[in-house]
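A.B. asks: Predicted model follows, preceded by the sequence.
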Amino acid sequence: MILHMDEWSPQVQAVADRYNKEYRGEAFDLPDEVQAMPIFHEWMSKKLAARVASPFWELVKPAKNQRCLDLGCGIGFLIYPWREWEALFYGQEVSLFACETLRSRAPQLNSKLFKSMVQNPAHHLEYEDGFFDLAIATGFSCYYPLEYWGLVLEQVKRVLKPDGVFVFDILNPESELAENWAILETYLGAEVFLEPVKAWEDLIKAAGGKVAKQKEGELFSLYKVAF
């Protein structure tokens, strides 16, 4: 169960349940018409994940001894080259399965770089002000409305150092994949919000952020934001 209960808890729990199920390899009960979609077959074959992933390190590569907060990190510490970067990893995730997996395996991989793994949603950051050099949030912004992300940006801004940066991605609703991907994800259990790109950029500006760099992907657009 999600630790913090508030108005966002139902959506947070839905996302947690969706990913717990996938990580555990459990079957999803989807309608025939969804299973007939080409995007479903790509998802089943694991090819879709590579197409829609956002390589945040191509925009901002974690540096040696930097404190990095990875929101919605999944099991990324086991997959991405944190040992090569030599950056200090602080993970936060809503999936209990991902949290338990990292807590058990990450210290064996590198106990010096792996600092913590917390099961909390992105709008609850229990860290002191100005603690991190870099914050990352990829692959899950689309599951919540802009109002929610206003809270996330506020919290991220608080925990970043004055010269720290935030790298996150947004779903581009104009992408050819967007509509079908949104349908698939909704049936997998997590509703998708197709927000206009300009609305996201206005939100960043309203939070006191400035887009320093941007990288377009097939489905998601990566942003480097400084406050």
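C.D. replies: Okay, I see it.
A.B. asks: From now on I want contacts and neighbour counts done on CA atoms only, so please keep to that.
C.D. replies: Fine.
A.B. asks: quick one: buried residues of stretch 173-188?
C.D. replies: 173, 177, 178, 181, 182, 183, 184, 185, 187, 188 (16 or more other C-alpha atoms under 10 Å).
A.B. asks: Next, give phi and psi for residue 112.
C.D. replies: Backbone torsions for residue 112, taken as degrees, to the nearest 10, come to phi -80, psi -40.
A.B. asks: Return the helix or strand bottoming out on mean pLDDT in the chain as CSV; C-alpha atoms alone will do.
C.D. replies: The weakest-scoring helix or strand in the chain, judged by mean pLDDT, DSSP states H and E, is helix 47-52 (a mean of 90). Output of helix 47-52 as CSV, limited to C-alpha atoms (Å, rounded to 0.1, in the frame of the first residue of the first chain):
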residue,chain,number,x,y,z
LYS,A,47,10.3,-4.3,-27.9
LEU,A,48,8.1,-1.3,-27.0
ALA,A,49,10.0,-0.5,-23.8
ALA,A,50,13.2,0.2,-25.8
ARG,A,51,11.2,2.4,-28.3
VAL,A,52,9.6,4.6,-25.6
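A.B. asks: quick revisit: columns distance to residue 39 and pLDDT on top of the buried residues of stretch 173-188, output as JSON lines?
C.D. replies: Putting the buried residues of stretch 173-188 into JSON lines (distance: C-alpha to C-alpha, whole Å; pLDDT from 0 to 100) gives the following:
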{"residue": "173", "distance to residue 39": "16", "pLDDT": "95"}
{"residue": "177", "distance to residue 39": "8", "pLDDT": "94"}
{"residue": "178", "distance to residue 39": "11", "pLDDT": "96"}
{"residue": "181", "distance to residue 39": "7", "pLDDT": "95"}
{"residue": "182", "distance to residue 39": "10", "pLDDT": "96"}
{"residue": "183", "distance to residue 39": "10", "pLDDT": "96"}
{"residue": "184", "distance to residue 39": "8", "pLDDT": "96"}
{"residue": "185", "distance to residue 39": "10", "pLDDT": "96"}
{"residue": "187", "distance to residue 39": "13", "pLDDT": "96"}
{"residue": "188", "distance to residue 39": "13", "pLDDT": "96"}
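A.B. asks: Can you flag which of those residues belong to strands?
C.D. replies: Using DSSP state E, no member of these sits in strands.
A.B. asks: Among the residues you listed, which pair sits farthest apart?
C.D. replies: Greatest spatial distance in the buried residues of stretch 173-188: 173 and 188, 18.9 Å, computed using C-alpha to C-alpha.
A.B. asks: related to what we said a few turns ago, ok now the least confident helix or strand of the chain, how far from the chain's centre?
C.D. replies: Averaging C-alpha positions (C-alpha atoms, centre = their mean, to the nearest Å) puts helix 47-52 15 Å from its chain's average.
A.B. asks: The next helix or strand after that helix: partners in the sheet, and parallel or antiparallel?
C.D. replies: With elements assigned by DSSP states H and E, the helix or strand that comes after helix 47-52 is strand 67-71. Its sheet considered, strand 67-71 pairs with strand 88-93 (parallel), strand 132-137 (parallel) by DSSP bridges.
A.B. asks: give the contact list for residue 198.
C.D. replies: If a contact means C-alpha atoms under 8 Å, 6 or more residues apart in numbering, then residue 198 has no contacts.
A.B. asks: Tell me the secondary structure at it.
C.D. replies: Put simply, residue 198 is helix when judged by DSSP: H, G, I helix; E, B strand; the rest coil.
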